[in-house]
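J.: below are the sequence and a predicted model for it; my questions follow.
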Protein chains: 2
Amino acid sequence: MRILLAQLNPIVGDLSGNSLKIITAIQHGITQGVDLVVFPELALSGYPPEDLLLLPTFIEETDKYLQQIVAHVKDLTVILGCPRLNPADDEKKLFNSAAVIQNQAIIGFQDKQLLPTYDVFDERRYFQPGHSTQLWSIKGIKVAITICEDMWQHSDLLKFSNYPQDPIKSFIPLAPDLLINLSASPFCTGQLRRRFAAVSKAAIALQCPALLCNQVGGNDSLIFDGYSCAQDEMGRLRCCAKGFQEDLLVVDLQALCPVYHWKEEPLQMLYAALVLGVKDYFQKSGFKQACIGLSGGIDSALVACIAVEALGKQNVVGVSMPSRYSSEGSRADAQKIAENLGIQLLTIPIESPFQTYLDLLTPFFQNKGVDATEENLQARIRGMILMGLSNKHGYIVLSTGNKSELAMGYSTLYGDMCGGLAVISDVAKVEVYALAKWINRQSELIPWNTIHKPPSAELRPNQKDSDSLPDYEILDAVLKEYIEAHQSPRWIAEKYHLDIDFVQNLVHKIHQNEYKRRQSPPGLRVSEQAFSIGRKFPIVQKWA
Amino acid sequence: MRILLAQLNPIVGDLSGNSLKIITAIQHGITQGVDLVVFPELALSGYPPEDLLLLPTFIEETDKYLQQIVAHVKDLTVILGCPRLNPADDEKKLFNSAAVIQNQAIIGFQDKQLLPTYDVFDERRYFQPGHSTQLWSIKGIKVAITICEDMWQHSDLLKFSNYPQDPIKSFIPLAPDLLINLSASPFCTGQLRRRFAAVSKAAIALQCPALLCNQVGGNDSLIFDGYSCAQDEMGRLRCCAKGFQEDLLVVDLQALCPVYHWKEEPLQMLYAALVLGVKDYFQKSGFKQACIGLSGGIDSALVACIAVEALGKQNVVGVSMPSRYSSEGSRADAQKIAENLGIQLLTIPIESPFQTYLDLLTPFFQNKGVDATEENLQARIRGMILMGLSNKHGYIVLSTGNKSELAMGYSTLYGDMCGGLAVISDVAKVEVYALAKWINRQSELIPWNTIHKPPSAELRPNQKDSDSLPDYEILDAVLKEYIEAHQSPRWIAEKYHLDIDFVQNLVHKIHQNEYKRRQSPPGLRVSEQAFSIGRKFPIVQKWA
């Protein structure tokens, strides 16, 4: 039996475009002589469709396109992820489903049973859980179909949920010959390892090969990495589609590839994920060009590298906006990264608007001393300049704040937080350094001076990040424990031999700055718990 | 039997402060000789606690405070809304529960059965649904306890959900003597009428009196209106706590008040809701003073009125920031509203920074003509000025955009969209006019000229809103149908005799401007479907 895993990159809501991709993949399957074509979860609508699912017209149109696709299915079977109307009078009107299509007809649906409602997922908002455990006969082979989360309860790898049902286990007595999983499993560091492990566990439990077809592509904050895969009945990885791009992978069950020893390369994957996130944000929204404020610092240098990789150097404009506090070194570093990347660099000094604002506002400052206000003015002037260029030329501004800064509120709302997309808002500062060094692994792209100098916002004379923030190694460890693992300040203080008040104070700052993050651009999610999506804390609260 | 409905205004996460309020209310109940004190849903944590519920320490602390409260309960019964750990190994670790406390001990918990997952609600993210239907004996009276949504399936008033279970119906065979409902039911226009109707239907179904204790207060975007109530066994409203403030309402079941004919006053309620939303946003976050850009237009005038009502005139600073395009009339109207309200008015003309930016940026505009870029510059200069004052003096900037503008993207990101709270972002322009006239019902507070002149952003010569937008009456009708009722463009075009392309274009604009709204300040929710919370559409999508 030959199976095509159609690892597509749909655009959310683009029913006609997605249908075309689906039909093209089916035709490819036919020319490849496959017996079965499998698509990702909700491939027809794209994942996550969010509240589009609540629009009755959207569901009606989805069904029309599904019927068109069905007409193209002859002499093979197609398993297609799509929403379907729940015929019963249940709490929710839809199922997150897989249509099984043969001979120009839908022979049935397998509905998703486990609906995640944690982190970035809120599938209970839209869907009724399915309950049927049945096998599908395809060319005489008994196939079990699952959708994404359905496979995860059995993996023992779920952190945030624990379902009483285990669909994999419930398939055991039916003894399937093959397990299929339709996924839209978003990337985060470590997720591919866990996903391979989950497929492996399912294959071993069912003693049959297990194939997973994953979505690929960036949709707003979420990046889907692809890596659709096939594992044998002993849970060994036998082949795997490309990462971070569309791929049509043919798997021959009778002639599986040799065992594939996958090696995790976290930095390479993280970089590829960020590049794809930027690329698709632009491509899917019809934008081409980005502009980035280049301070000479490491964050903006990293974002520029990612943007050039994603959009091409001709589509990235760097803007150096030096102030009275900018060092010669920073100006030179901004120049150098632009040269190294081969991008246009505009230099627009901010002294004249800065002085104008000081003259204008100082009379209203009631002789209060200089404070963060004047620092914010500079950051906001830069934001205004970037937005002016964006408005005039149709650029999307890429904001360059990292996760550690955002956690601490070490950023200016409407200043450096301006932008259409926050590229590294889920990348902690220590990872920023690691990525920069990885980018420079063969030759200097990011100036080594940028990497080695002490980080500074340069918003006042001789300012250093370390004036306001603890050592990034410590800060990032605390953030990871608190934000991703929900550990208590006391536990963190003990583990890292830190003062409890110090940790409490960091936690307090995280919560206190929720108001800033609420207005930040959407950020690319690459960790298990991002700020921009999947984390919901009140702005006004008195817990921490 | 005498019952105290303790309509409290908790602060989310403020376990010690909320406990103190709860204990004080119990003591008040004791002095009033009541047999039972009822608190709102999740009164101990405040509603909605959001992801605080995912922090194990938060749950542990909640339990400690619960035990302290329990120690204060002698000679009467208390029903207290609080999260509780689920002892079983279910999907979710918590129940949204009501602790029933007697004689310094928790005699049991009644868990919420219907967990809303639509609009602003995502209770399945945190809670396991309860299943027990039992009565509680309190002073020989058989009491049925429900939590908020539990009562709504029976009402036939739910738009977005349809539960297979109906807890009210399941109580019928048990023949309770009294129904209690603990609520945290947020305000929106029309909600109180529906809430009274839901209580009424439940009382009639169970042929017993029904008492609802609702939370009051603003928590971020949500405003809880209070109006806790008692209805008799025929479903007639017999008494009702105050709206939009804390209240301790004693209900004597043996001596109910006469039937109360409640009359809905939508504008008065809407205004009171907005005032409470502003007041609590400041008070609960420890801020006192607001600043508002006063353009002379109706939106900022309305927001200034609300702010003065919420914070006191001494705590509101108006800022007039005229440009080369500001009419004399607008300047005078800004002056007048400040005078009428008795607030300080700063006048900071924006000509000097505007000209500075034009000089600075024009060389980079590549001889492209004047367009929205220059308009946005002006709006952003104003935003920067307000934020400068905010940073220096500790004001919260109140943004003044209305729902119609936000829908159309007729606003400048980082410009007039700057602020800590978007006061009228869920108020359509037609409602803005209605509120302004209602405010002026006795005497002119908002200058009549402000109300009667054609609305304009005054960002270019002779600009009018009507150059870019359709008539607000039409626009707002379309928005209401599309956003609140999920009607299709075709349906809307037919109902209002509009051109389908015109409606499609408006719908397209709504979706196209999702990116702006994603970065707007939190807005007070007063309609059935706000932009700022409870509506989740992708930014990048190709549906509309």
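T.: Sure, I can see it. As the structure is a prediction and not an experimental result, all values here were calculated from the model.
J.: once you drop chain neighbours, what's closest to the closest residue to chain B within the stretch 1-150 of chain A?
T.: Nearest residue of the stretch 1-150 of chain A to chain B: A:Gly13, at 3.1 Å (C-beta to the nearest C-beta). All C-beta atoms are positioned from the backbone trio N, CA, C, and that covers glycine. Nearest non-adjacent residue to A:Gly13, counting by C-beta to C-beta, 6 or more residues apart in numbering or on different chains: B:Trp543, 3.1 Å away.
J.: same check, this time on A:Gly383
T.: Per C-beta to C-beta, 6+ apart, closest to A:Gly383 is A:Cys418, 3.6 Å.
J.: assumed the one you found was part of a helix.
T.: No - secondary structure assignment (DSSP: H, G, I helix; E, B strand; the rest coil) places A:Cys418 in coil, not in a helix.
J.: what's around it, how many residues?
T.: For A:Cys418, the neighbour count with other C-beta atoms under 10 Å in any protein chain shown is 28.
J.: quick one: contacts for it?
T.: Counting by C-beta atoms under 8 Å, 6 or more residues apart in numbering or on different chains, A:Cys418 makes contact with A:383, A:386-387, A:397, A:399, A:521, B:414.
J.: what pLDDT does it get?
T.: Listed pLDDT for A:Cys418 reads 97.
J.: these two touch, right, A:Gly190 and A:Val526?
T.: No - A:Gly190 sits out of contact with A:Val526 when judged by C-beta atoms under 8 Å, with a separation of 10.3 Å.
J.: the longest helix seen in chain A packs against which elements?
T.: Taking DSSP state H as the criterion, chain A has its longest helix at helix A:372-393. If you count contacts as 3 or more C-beta pairs under 8 Å, 6 or more residues apart in numbering or on different chains; DSSP states H and E, helix A:372-393 packs onto strand A:290-293, strand A:316-320, helix A:351-361, strand A:396-399, helix B:351-361, helix B:372-393.
J.: which parts of the third one are buried?
T.: Across helix A:351-361, burial judged by 16 or more other C-beta atoms under 10 Å in any protein chain shown covers A:353-354, A:356-357, A:360-361.
J.: pop out the phi and psi values for A:Gly108.
T.: According to degrees, to the nearest 10, the main-chain angles of A:Gly108 amount to phi 160, psi 180.
J.: now swap in the one 10 residues further on and tell me
T.: Backbone torsions for A:Tyr118, taken as degrees, to the nearest 10, come to phi -160, psi 170.
J.: can the worst-scoring helix or strand of chain A on mean pLDDT be found next to chain B?
T.: Across the helices and strands of chain A, mean pLDDT, DSSP states H and E gives its lowest value to helix A:465-468, namely a mean of 86. No - using C-beta under 8 Å from any C-beta of the partner chain, helix A:465-468 stays clear of chain B, with a minimum separation of 15.5 Å.
J.: could I get that helix in PDB with only the CA atoms?
T.: Output in PDB follows, covering the C-alpha atoms of helix A:465-468 (Å, rounded to 0.1, in the frame of the first residue of the first chain):
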ATOM      1  CA  ASP A 465      20.800  46.600  30.500                       C
ATOM      2  CA  SER A 466      22.500  45.400  33.700                       C
ATOM      3  CA  ASP A 467      21.600  48.700  35.400                       C
ATOM      4  CA  SER A 468      17.900  47.600  35.400                       C
END
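J.: ok, then the element right after that helix?
T.: Downstream of helix A:465-468, the first helix or strand assigned by DSSP states H and E is helix A:472-479.
J.: list the buried residues for that following helix?
T.: Judged by neighbour count using 16+ other C-beta under 10 Å, the buried positions of helix A:472-479 are A:472, A:474-479.
J.: for that helix, packing partners?
T.: Applying 3+ C-beta pairs under 8 Å, 6+ apart, one finds that helix A:472-479 makes contact with helix A:403-408, helix A:429-439, helix A:489-496, helix A:500-512.
J.: and the stretch 51-200 of chain A, which residues reach chain B?
T.: So the stretch 51-200 of chain A meets chain B at A:51-52, A:54-58, A:89-92, A:117-118, A:122, A:124-125, A:160-164 (C-beta under 8 Å from any C-beta).
J.: put the buried members of the residues you listed into a PyMOL selection.
T.: Selection of buried members from these for PyMOL, criterion 16+ other C-beta under 10 Å:
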select buried, chain A and resi 51+52+54+55+57+58+91+92+117+118+122+124+125+160+161+163
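J.: among the residues of the stretch 51-200 of chain A next to chain B, which ones are in helices?
T.: Reading helices off those with DSSP H, I get A:56-58.
J.: what would these look like in JSON lines with distance to A:Ala372 and pLDDT?
T.: JSON lines is the format used below for those (distance: C-beta to C-beta, whole Å; pLDDT from 0 to 100):
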{"residue": "A:Pro56", "distance to A:Ala372": "50", "pLDDT": "96"}
{"residue": "A:Thr57", "distance to A:Ala372": "49", "pLDDT": "96"}
{"residue": "A:Phe58", "distance to A:Ala372": "46", "pLDDT": "97"}
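J.: picking up where we left off before, with respect to B:Ile451, which of the helices and strands packed on helix A:472-479 lies nearest?
T.: Evaluated over the helices and strands packed on helix A:472-479, closeness to B:Ile451 peaks at helix A:500-512, with 39.5 Å, by C-beta to C-beta.
J.: give me the secondary structure label for A:Pro83.
T.: Strictly by three-state DSSP, A:Pro83 counts as strand.
J.: and for it, the neighbour number?
T.: 23.
J.: beta partners of it?
T.: Note on A:Pro83: beta-bridge partners by DSSP bridges are A:Asn96.
J.: give the contact list for it.
T.: A:Pro83 sits next to A:42, A:44-45, A:49, A:53, A:59, A:62, A:94-97, A:126-127 when contact means C-beta under 8 Å, 6+ apart.
J.: and for A:Asp280?
T.: Neighbouring residues of A:Asp280 by C-beta under 8 Å, 6+ apart: A:9, A:217-219, A:223, B:540.
J.: quick one: which of the residues you listed is nearest A:Pro322?
T.: Of those, the one sitting nearest to A:Pro322 (C-beta to C-beta) turns out to be A:Gly218, at 32.7 Å.
J.: so the closest one sits right up against A:Gly277, yeah?
T.: Yes - using C-beta under 8 Å, A:Gly218 is in contact with A:Gly277, at 4.2 Å.
J.: can you name the residues in contact with stretch A:44-51?
T.: A:10-15, A:18-19, A:22, A:40-42, A:52-53, A:58, A:62, A:65-66, A:69, A:80-83, A:120, A:184, A:215, A:219, A:222, A:224, B:535-538, B:541.
J.: what do you get if the cut-off is 7 Å, keeping everything else the same?
T.: Applying C-beta atoms under 7 Å, 6 or more residues apart in numbering or on different chains, the contact partners of stretch A:44-51 are A:10-15, A:18-19, A:22, A:41-42, A:52, A:62, A:65-66, A:80-83, A:184, A:215, A:219, A:222, B:535-538.
J.: chain B contacts on the stretch 201-350 of chain A?
T.: Applying C-beta under 7 Å from any C-beta of the partner chain, we find that the stretch 201-350 of chain A lies next to chain B at A:219-220, A:281, A:284-285, A:346, A:348.
J.: pick out the residue of the stretch 401-544 of chain A closest to chain B.
T.: Closest contact between the stretch 401-544 of chain A and chain B, by C-beta to the nearest C-beta, is at A:Trp543 (3.1 Å).
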